[in-house]
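Novice: got a structure for you, letters missing:
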Ligand SMILES: [Zn+2]
């Protein structure tokens, strides 16, 4: 790999409409700083709460509430005092009107507070419902809160939540591009159905903690990479397209093939690559031991079967030497087969940090030695930091093209 600069199309100049406001500090009385491209930025819908009994909500400034289905203004106010919003018998506690969809639009960007966090954009509340066998919907006393937010503003919160901001800028830029690509891919997938949100705000999607998590540096990283995504063209594809640019904490030496971990078709841009850059990660290698009895208890709890004293564990799959797909636990009474995901969940994913492990039996104990943390697919975040740091000093483009082989970078807006 050469040492080319980041994309020539990327500008290090601030593109925001009112440059200078980027330096302003956030306050609960003023708007959040605007930044990023003025046009063409999609709005992403992030589920902050799903099917909750109540949502703690405040608006720190003027706002309107409209009926999401009829687009009628229902109420407005100078501020909304902190309250537990509920949905009961088809009505939100905020309004006497019967509806399952409310839109709360603040006049000041960043003045929505859900729980203890501030959010930009607009908040949609959805009442839960269930469909009976005749296809008739009945409201349930639960609600979801979905933040509709400019994708670039969303990413300025995701990057610091997903990566250490003290890491080199090239690693942070690579993280921004991967997170943008993943978000757009999810939006494309969801657009095929009728779901009311694209992503959640937790680690099962990408961690998003709203305005409070943004920093001046994270906004700069988003401006530097504005609108830039990864695209991949497979042999049978006419045009390059967005793909799920997965990433994870630490691969432990080799990343994993997406089709081995998640199933589906093989994708050359998500195949295993060697990573010699994540050795500084505290979870590069880990080990723990489980007694035969402890493991038997774990398996009994997870599978509901008493298989007796566990005498052998066999790892199976095409990559059994590294990332097995399944394990067979052979007990004195019975044997059971677990998918690797179920086995990790049964043992505990904090202990069993990845599927990159070997098991060795020593006396009454099984010693499990593993590498890395996470599913292992796509960009290794600690590896990206290692590639961006001395002595390598690779660019964001080089980092991305190492972990997503054959992918191209393109600015969409
Ligand atoms: Zn790695």
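Specialist: Happy to help now that I have it. In this text the structure is predicted, and so the values were computed from the model without any measurement. Numbering: from 1, shown residues only.
Novice: from now on I want contacts and neighbour counts done on CA atoms only, so please keep to that.
Specialist: Will do.
Novice: may I see the buried residues of stretch 362-375?
Specialist: 365-375 (16 or more other Cα atoms under 10 Å).
Novice: the longest strand seen in the chain: which residues count as buried?
Specialist: The longest strand of the chain (DSSP state E) is strand 137-150. For strand 137-150, a neighbour-count test (16+ other Cα under 10 Å) marks 139-150 as buried.
Novice: what residues does this protein have near the ion?
Specialist: 251, 275, 278, 380, 383 (Cα under 5 Å from the ion).
Novice: mind doing that once more with 8 Å?
Specialist: Contact residues, the chain versus the ion (Cα under 8 Å from the ion): 250-255, 274-279, 372, 379-384.
Novice: please pick the buried ones from the residues you listed.
Specialist: Among the residues of the chain next to the ion, the ones that count as buried by 16+ other Cα under 10 Å are 250-255, 275, 277-279, 372, 379-384.
Novice: ranges for the helices of the stretch 201-350 of the chain?
Specialist: 216-224, 258-262, 292-303, 340-347 (DSSP state H, counting those that start in this stretch).
Novice: which of those is buried the deepest?
Specialist: Counting by mean count of other Cα atoms under 10 Å, helix 216-224 has the highest mean neighbour count of these, with a mean of 22.
Novice: which residues are contacting stretch 148-162?
Specialist: Contacts with stretch 148-162, where a contact means Cα atoms under 8 Å, 6 or more residues apart in numbering, come from 35-36, 41-46, 120-124, 172, 175-176, 179-180, 206-215, 218-219, 221-222, 226-227.
Novice: what angle do the helix of greatest length in the chain and helix 216-224 make?
Specialist: Ranked by number of residues, the top helix in the chain under DSSP state H is helix 169-191. Taking axes from the mean of the first three to the mean of the last three Cα atoms, to 10 degrees, one finds helix 169-191 and helix 216-224 inclined to each other by 70 degrees.
Novice: what helices and strands are in contact with the helix or strand following helix 169-191?
Specialist: Moving toward the C-terminus from helix 169-191, the first helix or strand encountered (DSSP states H and E) is strand 199-200. Helices and strands touching strand 199-200, by 3 or more Cα pairs under 8 Å, 6 or more residues apart in numbering; DSSP states H and E, are strand 43-52, helix 169-191.
Novice: reformat these as JSON lines; add mean neighbour count and mean pLDDT.
Specialist: Putting those into JSON lines (neighbours: other Cα atoms under 10 Å; pLDDT from 0 to 100) gives the following:
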{"stretch": "strand 43-52", "mean neighbour count": "20", "mean pLDDT": "98"}
{"stretch": "helix 169-191", "mean neighbour count": "23", "mean pLDDT": "97"}
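Novice: quick one: closest of the ones you listed to residue 401.
Specialist: helix 169-191 (9.8 Å; Cα to Cα).
Novice: next, the angle from the closest one to strand 43-52.
Specialist: Inter-element angle recorded for helix 169-191 and strand 43-52: 70 degrees (by the same axes, to 10 degrees).
Novice: how's the chain carved up into domains?
Specialist: Domain ranges of the chain: 1-284+372-413, 285-371, per automatic domain parsing.
Novice: which one of those domains has the most crowded surroundings?
Specialist: domain 1-284+372-413 (a mean of 19).
Novice: so how far is that domain from its chain's centroid?
Specialist: What separates the centre of domain 1-284+372-413 from the centre of its chain is 7 Å, taken as Cα atoms, centre = their mean, to the nearest Å.
Novice: give me the angle between the host helix or strand of residue 58 and strand 137-150.
Specialist: Secondary structure from DSSP H and E places residue 58 in strand 55-59. With the same axes, to 10 degrees applied, the angle from strand 55-59 to strand 137-150 works out at 50 degrees.
Novice: got the contact list for strand 55-59?
Specialist: Residues from elsewhere that reach strand 55-59, judged by Cα under 8 Å, 6+ apart: 49, 79-86, 106, 111-115, 143-145.
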